[in-house]
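S.K.: Just the structure for this:
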Amino acid sequence: MEHQQHKVVCCIGDIHGYITKLQALWSNLQAHINPPDFESALIIFLGDYCDRGSNTPQVLDFLISLPSKYPNQTHVFLCGNHDLAFAAFLGVAPRPCDGSEFRETWREYEMNEEREGWYKGEEYERMHVQARRWAGKMSGFNHVKKTEYKGSIYDAAPTFESYGVPHGSFDLIKAVPAEHKKFLADMVWVHEEDNVCIKTDEGIKQCKLVAVHAGLEKNRGVEEQLKYLKARDTRIPKVEALSGRKNVWEMPKDLAKYPTILVSGHHGKLYTEGLRLIIDEGGGLEHNPVAAIVLPSMTIVRDTDQLSK
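M.R.: I've put the predicted structure just below:
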């Protein structure tokens, strides 16, 4: 069992609608971390709570219940690209800060509309581009994930079905309870934390921590990125920090000015190199574990670990 004199921080990778994995991972974190440290830990969920797995409502119920069950913990619920698209379809994503319409976000990607089978049902005219992609129709083989598409480019069919409506149905808006809508409306796009300790080859190092679903763009100013992420700027059709790939993998040079841990999920990989941490061993695939990292010790805990109290 782990005991730290430093504040314990747990960063939990993408859950993607798998409630049994989330429950097992939580139990294993509880078993691994000394009780007083667990009770006062900072818990950062790295986003992507929905899609692919078939228990999205139960996952959201579990997350919503944590602050009352563990009142001395601090809980951060980051928005993933899947969650933003889900929230946007439900009409609970933040409105564009300049008063523009969500349809303005279509323009840049309209050439993909037919290929990606964007949603064209009820009230589609008022939707953000990612909501239309999320609730759209896509079938065939996803060569990136090496699986069949589940309903849409986002694999959203299991989310619709978990709320008891067919994929692409506008009835989802009525089926999702108010507390789930509030959770999705309140998600943050980035979290910054000072004085987080991490074990390195040179010993324990005190750092700043930035948590964001996919990462920060390497060749763009960090301050500018943090500004639009804090503002949750939905004028942007594709938020790279939530859905980018190669362009957000590496650590931006700006962050070297002050030792900063950059932690993300999203990439379907587990990567812990220096202060760049990517915690998404599951990738939303049924047979992969869901992982978390515990700081300062840098211990990886999985739902599949056989830990006992």
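S.K.: Show me how this protein divides into domains.
M.R.: 9-82+185-302, 93-182 (the TED database).
S.K.: Can you tell me which of those is packed in deepest?
M.R.: domain 9-82+185-302 (a mean of 19; mean count of other CB atoms under 10 Å). Every residue, glycine included, has its C-beta placed from N, CA and C.
S.K.: on that earlier part again, would you list the domains of the chain in a markdown table and tack on mean pLDDT?
M.R.: Converted to a markdown table, these look like this (pLDDT from 0 to 100):
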| stretch | mean pLDDT |
| --- | --- |
| domain 9-82+185-302 | 97 |
| domain 93-182 | 96 |
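S.K.: what's near enough to touch the residue positioned nearest the centre of the chain?
M.R.: Central residue of the chain (CA atoms, centre = their mean): residue 47, 1.3 Å from the mean position. Residue 47 makes contact with 14, 77-83, 187, 213, 242, 265-266, according to CB atoms under 8 Å, 6 or more residues apart in numbering.
S.K.: give me that answer again for 6 Å
M.R.: 78-80, 83, 213, 265 (CB atoms under 6 Å, 6 or more residues apart in numbering).
S.K.: For these, give me CSV that also has secondary structure and distance to residue 285.
M.R.: As requested, the contacts of residue 47 are arranged in CSV below (DSSP: H, G, I helix; E, B strand; the rest coil; distance: CB to CB, whole Å):
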residue, secondary structure, distance to residue 285
78, strand, 20
79, coil, 21
80, coil, 15
83, helix, 18
213, coil, 18
265, coil, 14
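S.K.: Quick check: closest non-adjacent residue to residue 163.
M.R.: Counting by CB to CB, 6 or more residues apart in numbering, residue 163 lies nearest to residue 175, which is 4.1 Å off, once chain neighbours are set aside.
S.K.: Go ahead and confirm the one you found touches residue 160.
M.R.: No - with contact defined as CB atoms under 6 Å, residue 175 does not count as touching residue 160 (8.5 Å).
S.K.: And the strands in this protein, which stretches?
M.R.: Using DSSP state E, the strands of the chain run over residues 9-12, 42-45, 74-77, 141-142, 147-148, 191-200, 203-211, 260-264, 270-273, 276-279, 291-295, 299-302.
S.K.: now those as TSV including distance to residue 113?
M.R.: Listed next are the strands of the chain as TSV, based on distance: least, CB to CB, whole Å:
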stretch	distance to residue 113
strand 9-12	35
strand 42-45	32
strand 74-77	31
strand 141-142	18
strand 147-148	22
strand 191-200	34
strand 203-211	33
strand 260-264	29
strand 270-273	34
strand 276-279	31
strand 291-295	36
strand 299-302	39
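S.K.: closest to residue 32 out of those strands?
M.R.: strand 299-302 (5.4 Å; CB to CB).
S.K.: Dump that closest one to CSV, restricted to CA.
M.R.: The C-alpha trace of strand 299-302 is given here as CSV (Å, rounded to 0.1, in the frame of the first residue of the first chain):
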residue,chain,number,x,y,z
THR,A,299,2.4,4.1,-10.4
ILE,A,300,0.1,2.8,-13.1
VAL,A,301,-3.1,1.2,-11.7
ARG,A,302,-5.5,-0.7,-14.0
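S.K.: In its sheet, which strands sit next to that strand, and in what direction?
M.R.: strand 291-295 (antiparallel) (DSSP bridges).
S.K.: Can you tell me what sits against the partner strand?
M.R.: For strand 291-295, the external contacting residues (CB under 6 Å, 6+ apart) are 9-13, 198, 270, 277, 279, 281, 300-302.
S.K.: how big is the angle separating that strand from strand 191-200?
M.R.: 80 degrees (axes from the mean of the first three to the mean of the last three CA atoms, to 10 degrees).
S.K.: ok, and the closest non-adjacent residue to residue 123?
M.R.: Closest to residue 123 by CB to CB, 6+ apart is residue 170, at 6.8 Å.
S.K.: any idea how far the one you found lies from residue 114?
M.R.: For residue 170, the distance to residue 114 (CB to CB, to the nearest Å) stands at 21 Å.
S.K.: Cool, thanks, signing off.
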